[in-house]
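S.K.: curious how this folds, go ahead:
(chains A, B, C, D, E and F)
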Amino acid sequence: MSDKKKVLIINRRAPYGRSNARDSLDVALTCGVFEMPISLLFADDGVFQLLGGHQAKDIGQKNLSANLAALPMYDIDQLFVCESSLNTHGLASDQLDHNPTVVDHNAIQQLIQSHDVVLTF
Amino acid sequence: MSDKKKVLIINRRAPYGRSNARDSLDVALTCGVFEMPISLLFADDGVFQLLGGHQAKDIGQKNLSANLAALPMYDIDQLFVCESSLNTHGLASDQLDHNPTVVDHNAIQQLIQSHDVVLTF
Amino acid sequence: MALHTLNQPPGNTQCLERCLNALSDGDALLLIEDGVLATLPAHASRFDAIAANVSLFALQADLDARGLNVLKDARFTVVDDGGFVDLACEQDKVVSWY
Amino acid sequence: MALHTLNQPPGNTQCLERCLNALSDGDALLLIEDGVLATLPAHASRFDAIAANVSLFALQADLDARGLNVLKDARFTVVDDGGFVDLACEQDKVVSWY
Amino acid sequence: MKFSIIVQAAPYSCQSAETAYRFAKTLLDTGHDLHRVFFYGDGVHTGSAFASPPQDEPNIPANWQALAADHDLDLVVCIAAAVRRGVLDDTEAGRYSKSGSNLAAGFELSGLGQLADAIAQSDRVITFGA
Amino acid sequence: MKFSIIVQAAPYSCQSAETAYRFAKTLLDTGHDLHRVFFYGDGVHTGSAFASPPQDEPNIPANWQALAADHDLDLVVCIAAAVRRGVLDDTEAGRYSKSGSNLAAGFELSGLGQLADAIAQSDRVITFGA
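M.R.: Presented below is the predicted three-dimensional model:
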């Protein structure tokens, strides 16, 4: 790698209904292997990826939260969650796993501007 | 065919962005070939399927409106469009091709109840 | 009478509203897949305008997958896959909102 | 500064709002595919809250396909595929909303 | 009661593909009939013999094949949707001069007339969409 | 300027698959470089050699192949996404004991590391999503 680009991955989809959440996590972990600085933002229905207590066996999938737990092993610790999305769904940040930082729309604009590459899932 | 089931097809997607509109039309025409009574309801972004003046050549697709023009040949003349969807997009029924009947939410409930099978696209 | 299924999350407002506006007296609504996210109390008011005798259901496996069993609003009856099939039999037709 | 592309129709409110809330001063927004349906004057007020120096564009081929060239709101500048590439070069990065 | 099922969702991308299978298995387990399963749109990829998911994930095409073998199911893949998406039986592979075919055993390619027939013949038609 | 493109959309179902191709062709026609195209999710079906669209519709896999031949492009199909969806090269077909392979010439199966590399090497990364 010639360059350590800072990558922001924005996760907007609910877990399980579509494969976006899992696809996104695979990209994040791979970038982590290559030691690229990664930030993850969870917004819209994507905030449900962080909610605890998933039991996905009966729908033939693996728990996403277990995979998210692997992030620190790749030094991925910059996790953000959109405040207005939490409010929309009546969720509090202490119901979420992985200790994301709560951010508003202005902070999200700053995240986009301060990273070199932005991927959306 | 043992039975002439009345089929309602609800079209909710914008044309071209996804294949739903074309897939739906193919089902409608096939049911027409088998002389099944078909009604078509256009709602939400699906109302744009009826807007005139499509020129889809540059995006590598065929004009959907030309295919819709084939419906009368299969005796499919029960076309409905959702009033609130037209209002949402600021469209008037006289901007639409194929002379759909404008219906409100109550009439849509009646359409669903009065058909034997409802398909959504 | 119809069984309506909805598999879209509440963020897909257009799909949820379309489904709710299509419900008639005696119909049943079953939330499946990402649709079960609408069982959260924060979304309860969206269901206030529907007819009183429309029954509301949510699919067990999908609630479990998303950790919503303990969080969901009480007016949704939880059904398993057998209950899904039963609902499809009890109603005259099935309308899928997706 | 970023080029934002949006390919979802205005009925996907969550995606449109998310995109609009993400725009910063100097960014550009290009509506593509079903996204161009938001160029209708009925949706103009949705764009009122964005920063004054965010430029708004819509892709020619997608407007043509949907019969919107004569209907679209005047504040959207029409670009062809070459203009799309140019916008991606002029801005530092591309953010795709879909 | 006699059901037919329309599957429009691609396996591994959309949960609907798995929900459709679970619904089919449950209705058969509880004594109902399944007249036909019609795979349409991206649902045609369910009929791919080449799908090779990891060992610890469900193999949705194989699950349908096993169910079809147990219950003599009619698994119809829309031919127009399948051919453009690269799901071919031997006949279509020959017609388009391809090196091989990939329609899984237990599935067949056929036209939308099979969907019209399913609508006419079934007590309930249920769509699993994408 | 050096671009990389991520394609997540399935041809024939999502217009994004066609938009991505048009964008790639335009940037090459106007003198820019295309470092890599990475097909991910349902976008992997773009690499199917079996896709057989009607004569009067665009053949998106063939269009990419022609563009790759003209410009020596690197068309990478995500191996994990492809294998589970039934897009196989000869090696994977052998590994899973399948009757044949269907990855189109001009495409190659590889891992997500190729996406990370594309991000590192390119001035612009643009996603065409589904």
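
S.K.: going forward, measure contacts and count neighbours with C-alpha atoms only.
M.R.: Fine.

S.K.: do you know how far residue E:65 is from chain A?
M.R.: Remark: distance between residue E:65 and chain A (Cα to the nearest Cα, to the nearest Å) = 17 Å.

S.K.: what is the neighbour count of residue 37?
M.R.: Chain wasn't specified; assuming chain A. 19 (other Cα atoms under 10 Å in any protein chain shown).

S.K.: chain E is the one I meant
M.R.: Residue E:37: 28 surrounding residues under other Cα under 10 Å.

S.K.: mind checking what secondary structure it has?
M.R.: Following DSSP: H, G, I helix; E, B strand; the rest coil, the label given to residue E:37 is strand.

S.K.: which ones are touching it?
M.R.: Taking Cα atoms under 8 Å, 6 or more residues apart in numbering or on different chains, we find residue E:37 in contact with E:4-7, E:73-76.

S.K.: what residue lies at the spatial centre of chain E?
M.R.: What sits nearest the mean C-alpha location of chain E, by Cα atoms, centre = their mean, is residue E:39, with 4.4 Å.

S.K.: show me where the chain has strands.
M.R.: Here I'm looking at chain A. Assigned by DSSP state E, chain A shows strands spanning A:7-11, A:38-42, A:78-82, A:101-103, A:117-120.

S.K.: try again with chain E
M.R.: Under DSSP E, chain E gives strands at E:2-7, E:33-39, E:75-78, E:107-110, E:124-128.

S.K.: cool, chain C as well?
M.R.: For chain C, the strands defined by DSSP E cover C:2-6, C:28-31, C:55-59, C:77-79, C:93-97.

S.K.: nearest to chain F, of those?
M.R.: Judged by Cα to the nearest Cα, the one of these that comes nearest to chain F is strand C:93-97, at 18.3 Å.

S.K.: show me what counts as buried in stretch C:87-94.
M.R.: Residues C:87-89, C:91-94 are the ones in stretch C:87-94 that count as buried (16 or more other Cα atoms under 10 Å in any protein chain shown).

S.K.: no no, stretch A:97-116
M.R.: Within stretch A:97-116, the residues that count as buried by 16+ other Cα under 10 Å are A:98, A:100, A:102-103, A:105, A:108-109, A:111-113, A:115-116.

S.K.: and stretch E:27-44, by the same measure?
M.R.: For stretch E:27-44, by 16+ other Cα under 10 Å, it's E:27-28, E:32-44.

S.K.: swap in stretch C:19-32?
M.R.: Across stretch C:19-32, burial judged by 16+ other Cα under 10 Å covers C:19-24, C:27-32.

S.K.: identify the farthest-apart pair in those.
M.R.: Spatially, the most separated pair among the buried residues of stretch C:19-32 is C:24 and C:32, at 19.5 Å (Cα to Cα).

S.K.: follow-up on the earlier one: redo the buried residues of stretch C:19-32 as JSON lines? Include pLDDT and distance to residue C:65.
M.R.: Formatted as JSON lines, those follow (pLDDT from 0 to 100; distance: Cα to Cα, whole Å):
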{"residue": "C:19", "pLDDT": "98", "distance to residue C:65": "23"}
{"residue": "C:20", "pLDDT": "98", "distance to residue C:65": "24"}
{"residue": "C:21", "pLDDT": "97", "distance to residue C:65": "28"}
{"residue": "C:22", "pLDDT": "98", "distance to residue C:65": "28"}
{"residue": "C:23", "pLDDT": "97", "distance to residue C:65": "27"}
{"residue": "C:24", "pLDDT": "96", "distance to residue C:65": "30"}
{"residue": "C:27", "pLDDT": "98", "distance to residue C:65": "26"}
{"residue": "C:28", "pLDDT": "98", "distance to residue C:65": "23"}
{"residue": "C:29", "pLDDT": "98", "distance to residue C:65": "20"}
{"residue": "C:30", "pLDDT": "98", "distance to residue C:65": "16"}
{"residue": "C:31", "pLDDT": "98", "distance to residue C:65": "14"}
{"residue": "C:32", "pLDDT": "98", "distance to residue C:65": "11"}
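
S.K.: what's the longest helix that chain A contains in contact with?
M.R.: The helix that spans the most residues within chain A, counting by DSSP state H, is helix A:20-33. Contacts to helix A:20-33, defined as Cα under 8 Å, 6+ apart, come from residues A:9, A:11, A:13-15, A:37-38, A:46, A:49, A:64, A:67-68, A:71, A:74-76, A:121, E:13, F:41, F:112-113, F:116.

S.K.: and it, how far out from the chain's middle?
M.R.: Centroid separation between helix A:20-33 and its chain, computed with Cα atoms, centre = their mean, to the nearest Å, is 9 Å.

S.K.: next, the angle from that helix to strand A:7-11.
M.R.: On the basis of axes from the mean of the first three to the mean of the last three Cα atoms, to 10 degrees, helix A:20-33 is oriented at 160 degrees to strand A:7-11.

S.K.: for helix A:20-33, list every residue counted as buried.
M.R.: Going by 16+ other Cα under 10 Å, helix A:20-33 has these buried residues: A:20-22, A:24-25, A:27-32.

S.K.: contacts only, for residue A:96.
M.R.: Per Cα under 8 Å, 6+ apart, neighbours of residue A:96: A:50-52.

S.K.: of the residues you listed, select the buried ones using a PyMOL command.
M.R.: Buried members of the contacts of residue A:96, defined by 16+ other Cα under 10 Å, are picked up in PyMOL with:
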select buried, chain A and resi 50+51+52
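
S.K.: nearest to chain B among the contacts of residue A:96?
M.R.: Relative to chain B, the closest of those is residue A:50; by Cα to the nearest Cα it sits at 29.9 Å.

S.K.: now residue C:23, what are its backbone angles?
M.R.: The phi and psi values for residue C:23, taken as degrees, to the nearest 10, are phi -80, psi 130.

S.K.: right, and it touches residue C:55 too?
M.R.: No: with contact defined as Cα atoms under 8 Å, residue C:23 does not count as touching residue C:55 (10.0 Å).

S.K.: give me the longest helix you can find in chain E.
M.R.: Counting residues, the longest helix found in chain E (DSSP H) is helix E:16-29.

S.K.: who does that one touch, helix- and strand-wise?
M.R.: Counting by 3 or more Cα pairs under 8 Å, 6 or more residues apart in numbering or on different chains; DSSP states H and E, the packing neighbours recorded for helix E:16-29 are helix C:81-90, strand E:2-7, strand E:33-39, helix E:60-71, strand E:124-128.
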